[in-house]
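>>> just coords:
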């Protein structure tokens, strides 16, 4: 049967068969009739794998030959769709905060949302303000210590 895959998946298995009412099937041959470049790993088998496929439409033919040299053939199609567009995640740095010295630290509670995947990393960066230390810049929540008088942006 025809197949459809979506990149980054770029491999399919082609499963064919043959029947000879007055003898036996002696050979199989898979051939790419049309489509972008790819590799048929074992073209002489009833079941084979096609690798390295690119976006596009492929047509494959399976030719079966019987023990008397007669043959039959059939075609099938594989459609390779483009990879889905990656929607960028959104970041939320949390609400603005105010402190009064001698308190010189805050906890930043951030979060992220990725509608088509998952958040794999966080990174807190001081954009402006006096010197300070971000204790764990690679965590969604972190502490900022050693703050001085001024306005900070993270």
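Yes, it's here. Keep in mind it's a predicted model, so treat the numbers as computed, not measured. Numbers count the residues shown, from 1 in each chain.
>>> Tell me which stretches of this structure form strands.
Along the chain, counting by DSSP state E, strands occupy 3-6, 12-15, 25-34, 39-40, 47-51, 56-66, 71-81, 90-92, 106-109, 111-113, 133-134, 141-145.
>>> okay, those strands, which one's buried deepest?
Of all the strands of the chain, strand 56-66 has the most neighbours on average by mean count of other Cβ atoms under 10 Å, namely a mean of 18. Where you see a C-beta, it was placed from the backbone N, CA and C, and this is true even at glycine.
>>> quick check: domain ranges of the chain?
3-81, 86-154 (automatic domain parsing).
>>> quick revisit: got a markdown table for the strands of the chain, with distance to residue 124 and mean pLDDT too?
Shown next, in a markdown table, are the strands of the chain (distance: least, Cβ to Cβ, whole Å; pLDDT from 0 to 100):
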| stretch | distance to residue 124 | mean pLDDT |
| --- | --- | --- |
| strand 3-6 | 35 | 98 |
| strand 12-15 | 44 | 98 |
| strand 25-34 | 51 | 98 |
| strand 39-40 | 46 | 98 |
| strand 47-51 | 42 | 99 |
| strand 56-66 | 43 | 98 |
| strand 71-81 | 38 | 98 |
| strand 90-92 | 10 | 96 |
| strand 106-109 | 6 | 97 |
| strand 111-113 | 12 | 95 |
| strand 133-134 | 5 | 98 |
| strand 141-145 | 6 | 97 |
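>>> May I see those strands arranged in a markdown table, with distance to residue 152 as well?
Formatted as a markdown table, the strands of the chain follow (distance: least, Cβ to Cβ, whole Å):
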| stretch | distance to residue 152 |
| --- | --- |
| strand 3-6 | 44 |
| strand 12-15 | 54 |
| strand 25-34 | 61 |
| strand 39-40 | 56 |
| strand 47-51 | 53 |
| strand 56-66 | 52 |
| strand 71-81 | 46 |
| strand 90-92 | 17 |
| strand 106-109 | 9 |
| strand 111-113 | 19 |
| strand 133-134 | 10 |
| strand 141-145 | 7 |
